Every structure is written in C-alpha cells, then in structure tokens.
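Asks: Fold the following.
(chains A and B)
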Amino acid sequence: MSNQVERVRTVTIRFAGDSGDGMQLTGTRFTSATAAMGNDLATLPDFPAEIRAPAGSLPGVSGFQLHFADHDILTPGDAPDVLVSMNPAALKVNLGDLEPGATVILNEDAFTPQNLKKARYEADPREDGTLEPFQVVEVPITTMTVGALEKYEDLGKKEKQRAKNMFALGLMSWMYSRPTEPTTEWLADKFSAQPSVAAANIAAFDAGWAFGETTELFGHQYEVAPADLPPGRYRQITGNQAISCGLVAAADRSGLRLFLGGYPITPASDVLHELARYKQFGVQTFQAEDEIAGVGASLGASFAGNLAATVTSGPGIALKAETIGLGVSVELPLLVLNIQRGGPSTGLPTKTEQSDLLQALFGRNGESPVPVIAAATPGDCFHTAIEAARMALTYRTPVLVLSDGYLANGAEPWRIPEMDELPDLRDCVSFATETNHNGEYWPFLRDEGSLARPWAIPGTPGLEHRIGGLEKADGTGNISYDPDNHQHMTEVRQGKVDRIAEDIPPLAVDDPDGDTRLLMLGWGSTYGPIAAAVRQARDEGHAVAQAHLRHLNPFPANLGEILARYDRVLLPEMNTGQLRMLLRARYLMDVRGYNRVSGLPFTTQELVREITNQLAHV
Amino acid sequence: MTDTTELPQLTKKDFASDQEVRWCPGCGDYAILANIQGVMPTLGFPKERIVFVSGIGCAARFPYYMDTYGFHSIHGRAPAIATGISSSRPDLKVFVVTGDGDALSIGGNHLIHALRRNVNMTIIMFNNQIYGLTKGQYSPTSELGKITKSSPSGSLDHPFNPVSLALGAEASFVARSVDNERAHLAEIIERAAAHQGTSFVEVYQNCNIFNDGAFDAVRGNKANQIRLEHGQPIRFGADHEYGVALASTGQLEIVEVADVGEGALLAHDAHGDDPGLAFLLSRLSHTPHGPTPIGVFREVARPVYGAELQGQIDDAITRKGPGKLEDLIAGPDTWDVS
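Replies: Below you'll find the model as predicted:
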C-alpha cells in the first residue's frame, strides 16, 4: 500500500467518455470537492451537440477539463496532466492534447475489439506503442464497479455499470486527496427518492477510493494546497448561473420585477432554467413559441414597466433582430443576452466563439445603435448583467450583452459580493406620473442630460400615449415623415448611445514596466487565456501591457489614447478579426490580430508564442 | 381586478385620440373604429388600463386613433408583444388589432400560441381578404384563384377559414361579426372584452380599394347571416325560414324549417367542452359566399395564462417566503477565505 503524498502546485485533469457515461457530472462533482478544498480552479466542459451519439463512437465523446491550483489561475489549463479515458473513442479524441509524460488512466474493460473498431483503431493502442510516451494505468473500472455492487440485487447489470463514473470519481478523489463527504452527501440528496440507487452510487464511489488506496498501480497520492485568494466568502459559479443571478440582482436593486422571455437554445437555455426556479423573487419567465416571441414578449413587458430580458444564442439572435430594432425605435429598456456559439447558421451549438460582435453592433436594418457590453469571466457575467441593466434603464435602450459558451458552462470560484457593493439602480427608474408639456404628455420629450425619454407605463392616469416603429416627431412622438426630423432623430438615437462613453469607467491598462511597447488587448471570454499568457511572458522576462474591454459600444473615452501609446497592439479574438476591424476604422491604428475559431478557448502557450513573435518586431 | 365604482363617466369622444385618421375614404375600418370607441365606455375599465397593440398593416394603425395606451409594433408580432404586457400586468385590459395578413400569414405562429395559452387579451382581426397597405396582393384568406398583382394567373393558395383555425388552436372564445353591423359588432366586442383569456373576433371588413364587395353575400345581405345565439335553434333567412340541422352523415345541413319543423333544428351550444360543434358551424361556409354564421361560436372558461403565471409566483412566495437576494447570490455551497 502506498501512502506517500506528493505536494504539487497545479493539476489539470480531463475526464473523457461517452456522452452517456456521465462525464459532465463526474467533472462537476470533482470541481465542487476541489472548490471546497479552497483551490483556485477553472473548468472547460466540452461536449457534442448530439445528446447521445452511438455509444463508443468518436462523435459521442464528451469531456470535462478541470484546472486547479494552490495559486490563482486564469484558464482551464492547456494540456491535461491526467486523462481519465472511459473508452477507446475517448482516448483517441483526447490523446493529441497530452504532453509526453502525462498520466493516462484507462477503463480496460472498454477496450474490446468492438469498441476499438468503433473508435476506428486498427490496432490496440495499448499494444502498438501509441501510449509509450505516457504513464498508462489500466483499471478494470466496469468490472470492479459491478463487483462492488453485487449485493444490490434490485439493480440490473446495466444500472450497476452506469455507476462506473462514480468509481472513476472515487479513484481520482483518492489520487488528489479530495474529501469524500461532500460527494457522498450530494449523492444521497440527488437520489433521495431512490435510496438503493443512492447507496449503489456511494458504494461505487467508495470502491474507487478504496481501490486507489490498496492498489500498487499508482506510485503515490497528490495534494494541492488551498490557494491564496483575496479574503471573502466564495462559491463556485458558471457564467450562466452568474448572469441569471445578475438579472435578479438588477431587478432587486432597481425595484422592478424581472421578466425573461426566451426559447430553448444551446448554450443559453440554462439561463431560462435558472430563472424559472426563482419564482419566490417575483421572477417571471416565459418560454415562448419561438425566438421572436421571446424577445417580443420581453419588449411588451418592458412597455408594461418590468425589467425585461431575453436570452439566446447563434441563429436565435438573428431572429430577434427586428424586435431589437423596434426597441431602439421606441426607446424602451431591454436586455438581450447573447451566449455566443460557433456559427454561421446552426454552426457549433456546444462550442464557443466570439463571432457575433459585429452583428450585435450592426445587425439590424437602418441606423440602429445599441450599447454592447461583454463579460470577461464566468463570475463577471454577474456584474456585466447589472451594468447592462443600468445602461438600459438609464438611457431607455436595448443593450446587447455578450457572453459565450466557454463562460456559460465554465466554472470558477467567485467571491460573493456584499449587498452594499451592488449599485443602487433605483435612480435609473423614474416612471412618469405627470404630464410634461402644457398639460399634455409627450412621450419623446427627453431628459437633456441622458437624452432618455420618459417612461410612462400603462395604468398611469392621464398619460395615455402611443408608441410604434414608424418614425416619430421628437417630443410629441406623433408619426412624422418630415426629412429634418428623421435626420434629427437618427442623430439623437446615436448621440444617446455615444454619450454613455462619459458614464463608464476609462479603460484600465496593466503596464507594470511603464516602457512597454506591446499591448495585449482583448474583450470577452479571452480574458483568462490572455492574462495567463501575459503573466507567463512577464515571468520569462518580456515586457507586455494588458487591457481588456468590457464596453464595446460605446468604447471607453480613453481607448484611442491608450492604443496610441504602444508600438504594437495585439488583439486575440475567437473570430476573424471583428473588433480589430472596428478599432482600425475608428482609430486608424494598425491593430494586429491573432484569430482562431476552433470552438475552444485559446491556450496560454499559443498566446505566449504569439507575444514572442510580436515582440520580435517591435 | 377592475374597480368600477369610482370610474368617471366617459364617452366615445374620450377614446378618440387627436391624430388624423389616415385610412382610405370608404374603408370599413372607420366603422369598426367608431364602433370600438363607442363600446369602450361601457366596458368598465378605466382608460389608463386599456392597451391597444398592433402589428403592421392598414388595421394596425388602429392604436394611434385610440386615446388609450398603444403600441404599434412589428408585422405579425402583436400577440407576442401583447403576451408580455398582459401576462406581466393582469390589471390591464389588452386588445390586439390585426388583419388577415398580419395575424394569419406572418404572425400565424404567435396567433395560435396566444390562443392555446389563453393569454388575457382580445384579438380583433379585420379580415378583408387582401393585403391593403402593400397595395393589393392576395392574402391567406383570399379565395383560390384570386387575381391580384402578385397572382396574375390566379392565386394557388387554399385560404384559411379564420374561425376554424382559431377553434383548432384551442381558443376559448371565438366569434365573427361584420364591420357595418353596428349593434351586432358592438355586442360581440363587449362580450369578447369581458371574456377571461384570449378572445378572437373575426370582423368582415370591406376594402373598397383593393377588394371591394368581397363580403357582399353576407355584409349587405341579412338573409344570409346565420346569427348564432347560445341555446337557440339556429335559424336564418329573411323570414327565418331556414335552419341548420345535424344530418345523419355527421355533417351540418341547411334545411327549410317548414319541411323539418323547428324541433329538428340544431340548438347552438357555445359553452360545450368539445369545440366540435363550433367547428362544424365554421365549415358551413368556407368562404363568405352563401349563408354564413356570425356571432359567438365558442365561449368557455379555461385557466388564464397571466393569472396562472402570477399564481405560481405567489405560491412560491407563500411556500418559501420572499426570496432574499443574499441567499440567491451565495448559492447552497460557500466557503470562506481569510
């Protein structure tokens, strides 16, 4: 028996198996235990759009990667240190991501001729030298799971085999010294209606742990000390959870009721699911007949005086464009959350991309400006939702909020804000109650400072009025085809968005050296990989500055001045250069791009390489 | 829901906005507007709680002419927008004014889903069997073979029967009236407005520019109007000499009362659980070229979407207590770092 414990600073584990093998569950449970240990962590679930492609096939492989450490980390890790592979297909799909020397744990029961064929292996990779560069540990996971569950006579063989992910989780929990109680409690709770299933899963988990402790296959256990994070209370949070909480918080802080209209679409549906559970907060969710009705109902709810939001992804945002345009025209607050995924068309529903930026800014007919804001990390989705609500309510405008599949499903430890850290949004909402022009109510008589129009909601006596998508005379809001008025209204709508630049924080630059010539600029979910790459480049002795944009329309007022400070600006984007095009057009600066659309976040190493490349030219 | 005790006495004039009405002279819309403005004071709703929502088309200009809250929105989407207004604010009385193209073509999906959900709103569909605002193309209710600018060889589209469609979409209130039948239309609008849930009213409306006379067989011809009244034998004709009876085939047939006796006639039942009878009545005339039923086809009570949505919220608050934001943000598992 080995009881040697080796202390390591950082570990990246990837669980991979069939879509039906429960790898996402295994990964999230390991993540929870890791969060409870006080490690910093970041996760990357990576799964196919198909619910269950044929068992054992390459398209059916589902993976969950977790990076955890005794210090603060920014990405889910580039290459896994350990790959847990439940079948040959999972091995084949994931092996290319491993560095030589990595540990590969195989479920040897799954390496049957049939499964090897399904994975399109011509020879058994365990025997033909394929795995030579790695530390391979073969474990009969299925057999041992079924064996451990012998006494559960009311469960069939299939049901027993299904618990093999818990065996794998138990084994990895032993290997990395994770506590067992949270998982045991969680299983008991999850299967409280089926006590024998709960007991069987716990037994499989315990068997995996016990196997680790008794076998001599593993040299030793590992330990990762808690990370030194800023003090506070923490939780684990995904981007979709955070954006949902952010909406509820914005409603609470503004004194409005939240209305979310949506239609199921990956990877946005979890926001609808989360909010549907928050009825005790007065949250109204509406699963519409289509994307158009989802945003339509929300705009109607906004007219009626709610904090209204809609959430979608991919082609869903295309369908909502006309209604967002109406929101611009009638100047009502509306939050449009776009959890971006790979496109065009149906594209890559479960993969991440940043390719809807230009659509967010310009994807409507006519001159139709809207503020656009993007979240940087899963936890930042919370604050981004609140900031979006502030802008929407203050300026009475639709606001486009960009998240993406990586943030939506990725988890990280998140310091829970204190209530008094949240902005008070009550001042952004002042429903009109009185006439505003010689005893009449003019729905487009604007506030001179914000250019916002008054918001009189149905039910307010004496302020009955009509709004609509036809051009309207500024002030009265009556239909107007007057040429000068249309010019004026176009300028006012643009000017209203432009002046938000004076109402947002200036862009902050992290430039510790002061004489740096290269600026790494980013927006959205690339924050983690860029920051990790900048950190590593600095460790290697390079001088690199970093800045990250949250506001994409309007830009922070100081952006042009910051860009001009540097000889080179490198802008990595998970698109073909959308923000780069905007910056070049707006500031006439030769911003360089690093662009890739693989459906996966950037790795730290590729960005470090690109930083080195760019530095060679300055 | 509606406190009617303190209402000031309003008149038709109070519901007319100061906007110049811009429909073509002679359009059936004028009669419908005047009718609805006249009905408004009798409904028992204070005017600030009334909202008119529309999409795009001639009919969709309607909200601009009503001195209530109004939202002229997007082609076909009015039921969706109205769903957000109505379900989040059950205290409001929401009307949707739409046309045959707006409701049945581009907006068909929203219409059927509003009807099946039973959102609290009154949908008044002006059917003129033509696209008017785009100057005369065939619509989803135009008759087969209709010659228009976009169908010079005749339309190939089989038309919808709007009443059949609404019944098939599980509507809880379905009625039909005619633009110039002042008393009948007023009564139907009043009953539709009083209904809890989605009420759907098809109004035959003459477009004197692009489809003049489309409804003459019914509109100017009272003898062809089969006026449905719940519980009453279905009779029509200049002297009520005709009736509707259920044939042994299971279909409805038009009979002469003198031949069969009044006892053999079908009595109208708008309140039955099964919409089958109402559907059969809607099939008596697929297009309005002969004897055509008008009145309330169906009027049943069903749970109302907005009330149910708010009910689930109230129930959650009762069971769990009002949500505390701190608890939500913290989630079930937290740890402290000092």
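Asks: residue contacts, B:Asp75?
Replies: Wrong residue type there; residue B:75 is His, not Asp. B:Gly55, B:Ile56, B:Gly57, B:Asp102, B:Ile106, B:Gly107 (Cβ atoms under 8 Å, 6 or more residues apart in numbering or on different chains). (Glycine included, C-beta is placed from N, CA and C.)
Asks: What is the nearest of the residues you listed to chain A?
Replies: Taking Cβ to the nearest Cβ as the measure, chain A lies nearest B:Ile56 of these, at 8.1 Å.
Asks: and the closest residue to that closest one other than its chain neighbours, which of the three is it?
Replies: The spatial neighbour of B:Ile56 that comes closest, neighbours along the chain excluded (Cβ to Cβ, 6 or more residues apart in numbering or on different chains), is B:His75 at 3.7 Å. Secondary structure, DSSP: H, G, I helix; E, B strand; the rest coil: B:His75 is coil.
Asks: Next: A:Thr346.
Replies: coil.
Asks: What's the local residue count around it?
Replies: 12 (other Cβ atoms under 10 Å in any protein chain shown).
Asks: Now it, what are its backbone angles?
Replies: phi -70, psi -30 (degrees, to the nearest 10).
Asks: Show the pLDDT at it.
Replies: You'll see A:Thr346 listed with a pLDDT of 97.
Asks: and the gap between it and chain B?
Replies: Noted for A:Thr346: a distance of 20 Å to chain B, by Cβ to the nearest Cβ, to the nearest Å.
Asks: so what's that residue up against?
Replies: A:Gly314, A:Pro315.
Asks: Next, please give the residue ranges for the strands of the stretch 201-338 of chain B.
Replies: Assigned by DSSP state E, counting those that start in this stretch, the stretch 201-338 of chain B shows strands spanning B:225-228, B:235-236, B:242-246, B:252-256, B:292-299, B:335-337.
Asks: any low-confidence regions in the chain?
Replies: Went with chain A since none was named. A:1-3 (pLDDT under 70).
Asks: switch to chain B, that's the one I care about
Replies: Those would be B:1-7, if you go by pLDDT under 70 across chain B.
Asks: which residue ranges form the helices in it?
Replies: Remark: helices assigned in chain B by DSSP state H are B:28-39, B:78-88, B:100-101, B:108-117, B:162-168, B:182-194, B:216-219, B:257-260, B:276-282, B:305-320, B:325-330.
Asks: and B:Gly154, which of those helices is closest to it?
Replies: helix B:100-101 (18.4 Å; Cβ to Cβ).
Asks: Which strands and helices lie in contact with the closest one?
Replies: strand B:121-127 (3 or more Cβ pairs under 8 Å, 6 or more residues apart in numbering or on different chains; DSSP states H and E).
Asks: now the strands of the stretch 201-338 of chain B in CSV, with mean neighbour count?
Replies: Listed next are the strands of the stretch 201-338 of chain B as CSV, based on neighbours: other Cβ atoms under 10 Å in any protein chain shown:
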stretch, mean neighbour count
strand B:225-228, 21
strand B:235-236, 20
strand B:242-246, 19
strand B:252-256, 15
strand B:292-299, 24
strand B:335-337, 13
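Asks: Adding distance to chain A as columns, could you present the ones you listed in CSV?
Replies: Output for those, formatted as CSV (distance: least, Cβ to the nearest Cβ, whole Å):
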stretch, distance to chain A
strand B:225-228, 30
strand B:235-236, 38
strand B:242-246, 35
strand B:252-256, 32
strand B:292-299, 22
strand B:335-337, 5
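Asks: Export the ones you listed to CSV and append columns for distance to B:Leu144.
Replies: Shown next, in CSV, are the strands of the stretch 201-338 of chain B (distance: least, Cβ to Cβ, whole Å):
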stretch, distance to B:Leu144
strand B:225-228, 23
strand B:235-236, 26
strand B:242-246, 25
strand B:252-256, 22
strand B:292-299, 17
strand B:335-337, 71
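Asks: Out of the helices of chain B, which is the most enclosed?
Replies: Counting by mean count of other Cβ atoms under 10 Å in any protein chain shown, helix B:78-88 has the highest mean neighbour count of those, with a mean of 32.
Asks: hey, C-alpha coordinates of the helix ranked longest in chain A in PDB?
Replies: Counting residues, the longest helix found in chain A (DSSP H) is helix A:195-214. Taking Å, rounded to 0.1, in the frame of the first residue of the first chain, the C-alpha atoms of helix A:195-214 are listed here in PDB:
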ATOM      1  CA  PRO A 195     -32.400   5.100  -1.900                       C
ATOM      2  CA  SER A 196     -30.900   1.900  -3.500                       C
ATOM      3  CA  VAL A 197     -29.600   3.900  -6.400                       C
ATOM      4  CA  ALA A 198     -28.100   6.400  -4.000                       C
ATOM      5  CA  ALA A 199     -26.500   3.700  -2.000                       C
ATOM      6  CA  ALA A 200     -25.100   2.000  -5.100                       C
ATOM      7  CA  ASN A 201     -23.500   5.200  -6.400                       C
ATOM      8  CA  ILE A 202     -22.000   5.800  -3.000                       C
ATOM      9  CA  ALA A 203     -20.700   2.300  -2.900                       C
ATOM     10  CA  ALA A 204     -19.200   2.700  -6.400                       C
ATOM     11  CA  PHE A 205     -17.600   5.900  -5.300                       C
ATOM     12  CA  ASP A 206     -16.200   4.300  -2.100                       C
ATOM     13  CA  ALA A 207     -14.900   1.400  -4.100                       C
ATOM     14  CA  GLY A 208     -13.000   3.700  -6.400                       C
ATOM     15  CA  TRP A 209     -11.400   5.400  -3.400                       C
ATOM     16  CA  ALA A 210     -10.600   2.100  -1.800                       C
ATOM     17  CA  PHE A 211      -9.100   0.800  -5.000                       C
ATOM     18  CA  GLY A 212      -6.700   3.700  -5.100                       C
ATOM     19  CA  GLU A 213      -5.700   3.200  -1.500                       C
ATOM     20  CA  THR A 214      -5.000  -0.600  -1.900                       C
END
